[in-house]
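Engineer: Following is a predicted model, sequence given first.
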Amino acid sequence: MEEVSREGEATITLPDGTTAKLPFLRGTHGPPVIDIRTLFNQLGCLSLDPGFTSTSSCFSAITYIDGEKGELWYRGYAIQDLANNCTFLEVCYLLLYGELPSVVELERFENAVKNEMLIHMKLIDFYSSFQQGAHPMAIMVGVVGALSAFMHEDIDVMVAEQREAAAIRILAKFPMMAAVAYRTAYGLPIVFPKKKFGYTENFLYMMFSDPMADDFTVDPVVVNALEKIFILHADHEQNASTSTVRIAGSSLANPYACVAAGIASLWGPMHGGANEAVLAMLDEIKSRENVDTFIAKAKNPNDSFRLMGFGHRVYKNFDPRNQIMQDIAHEILTHLQCNQKNILELAQELENKALNDDYFIKRKLYPNVDFYSGIVLEAIGIPRDMFTVIFALARVIGWMSQWHEMMSESVKKIGRPRQLYVGAQKRNVQPREMREGRESISPEIINSPRKVWSPTKEKAAN
């Protein structure tokens, strides 16, 4: 990691005249940082930053984003350069170890991943406890969390080699865990990986092959498209799910449990579920003739319609992943000659109209990576409820690299944000008969026939 330079001090003065001097730090790129770690000790007050929009939570040498310029780097390499010239496993090696692998290093890494792809049969049995039709992300939260029960005592999170082994194991096992989640949800028989296939080929094989068929051919164009999607989603600085993994890991928890927490965070439509929301929006718009109507609805503050896949917390110019994803969409739809071309044309019409509308320009609302990724995934044949699982499959190496980096720090602090309390003043408990009555619980819950526990029923049962 490059050295952080200290460029003097920032002085903060309170209304009563009390002052504090705080280090003013600068990294290799990006905005400088005021180090407020001693703020409370010096002034007895805290900073307030809901959503952590102006807070750096850590030092990191993995991913760099410049939202104003629309830049995204992994370990100093531009995302466009990596997507056009590297395989996904090369990028995984880069994120975990800091450098792109040599031919020999890549071969060893690929072999290490292949050797760990199978999951424990007892873990496969665990899938049977989920009913057919269960959401694949719900299955993944449970199964990845359960993985910590199979690999707990073998991991000392303080040892670098064991952290690296843990990262390789979950990277290797995630394609099978994801594929089995899909096949469980849809009531399909389980397919095991084959060493003759590469990482992404194995995932597609385990997802789509028919166990009764003699052979399965993996389309190289589809493999290339999915590899690029994995690269584009492999890491994205301190986003919600990555921060979740880091905070969980700061307690020295099992890394697989930390990843399960990250999956839960990723599941939300404000994070990993956005591309599914984009397709739902395009289904609602239906045709290019309706675009102007829905653009107007999006600008109407009294209308609930939103343009999904537009805007980003960090990018204020353009998302550098979006153009790559649009190119992938063109390539895959042309190659497969599928009927999603109408959806792609609709998406492009919507994008062009929005990019030339002052309303969206002034608010810096540009298409992000989610705007086209769902179109590609659906064209490949991946069902919409698997989209976020694909995101998790790509992001797991980023989570583990960030976790490994955090655990490598000489001084470790458990994540423990503070708050600005706005509740009641201190008060005394009144006897029950003197308390004012109020409808704290809605009548619907009180009168619901599905009560969790009833002492009367319990006595009757005994």
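Structural biologist: Sure, I can see it.

Engineer: I'd like the distance between residue 314 and residue 205.
Structural biologist: Distance, residue 314 to residue 205, using CB to CB, to the nearest Å: 36 Å. Yep, even glycine has a C-beta here, placed from its N, CA and C like the rest.

Engineer: which one of these two has more residues nearby?
Structural biologist: Neighbours per residue, other CB atoms under 10 Å: of residue 314 and residue 205, the larger number sits with residue 205, 21 against 17.

Engineer: list the helices and strands the strand or helix carrying the more buried one packs on?
Structural biologist: With secondary structure defined by DSSP states H and E, residue 205 is part of helix 199-208. Helices and strands touching helix 199-208, as assessed by 3 or more CB pairs under 8 Å, 6 or more residues apart in numbering; DSSP states H and E, comprise helix 88-97, helix 160-185, helix 220-233.

Engineer: Please identify the deepest-packed of these.
Structural biologist: Per-residue neighbour counts averaged over each of those give the maximum for helix 88-97, namely a mean of 23 (mean count of other CB atoms under 10 Å).

Engineer: Which parts of the stretch 251-400 of the chain are helices?
Structural biologist: Listed in chain order, the helices of the stretch 251-400 of the chain (DSSP state H, counting those that start in this stretch) span 255-266, 274-285, 291-299, 320-336, 341-355, 358-362, 370-380, 387-407.

Engineer: For the third one, which residues meet the burial criterion?
Structural biologist: Judged by neighbour count (16 or more other CB atoms under 10 Å), helix 291-299 contains these buried residues: 291, 294, 295, 297, 298, 299.

Engineer: In contact with the first one, which residues are there?
Structural biologist: Counting by CB atoms under 8 Å, 6 or more residues apart in numbering, residue 291 touches 285, 346, 349, 350, 353.

Engineer: Repeat the analysis, applying 7 Å as the threshold.
Structural biologist: For residue 291, the residues meeting the contact criterion (CB atoms under 7 Å, 6 or more residues apart in numbering) are 285, 349, 350, 353.

Engineer: before we move on, what about residue 221?
Structural biologist: With contacts defined as CB under 7 Å, 6+ apart, the neighbours of residue 221 are 332, 335.

Engineer: roughly how far apart are it and residue 336?
Structural biologist: Taking CB to CB as the criterion, residue 221 is separated from residue 336 by 8 Å.

Engineer: domains of this protein?
Structural biologist: In the assignment given by automatic domain parsing, the structural domains of the chain cover 5-71, 80-266+399-407, 274-380.

Engineer: Which one, of those domains, ends up nearest to residue 427?
Structural biologist: Within the domains of the chain, the stretch nearest residue 427 is domain 5-71; the backing value is 24.1 Å (CB to CB).

Engineer: For that closest one, measure first residue to last.
Structural biologist: The first residue of domain 5-71 is 23 Å away from its last residue (CA to CA, to the nearest Å).

Engineer: returning to what we had before: want to try JSON lines for the helices and strands packed on helix 199-208, with mean pLDDT as columns?
Structural biologist: Shown next, in JSON lines, are the helices and strands packed on helix 199-208 (pLDDT from 0 to 100):
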{"stretch": "helix 88-97", "mean pLDDT": "98"}
{"stretch": "helix 160-185", "mean pLDDT": "95"}
{"stretch": "helix 220-233", "mean pLDDT": "96"}
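
Engineer: Out of the ones you listed, which is closest to residue 30?
Structural biologist: Among the helices and strands packed on helix 199-208, helix 88-97 comes nearest to residue 30, with 18.4 Å by CB to CB.
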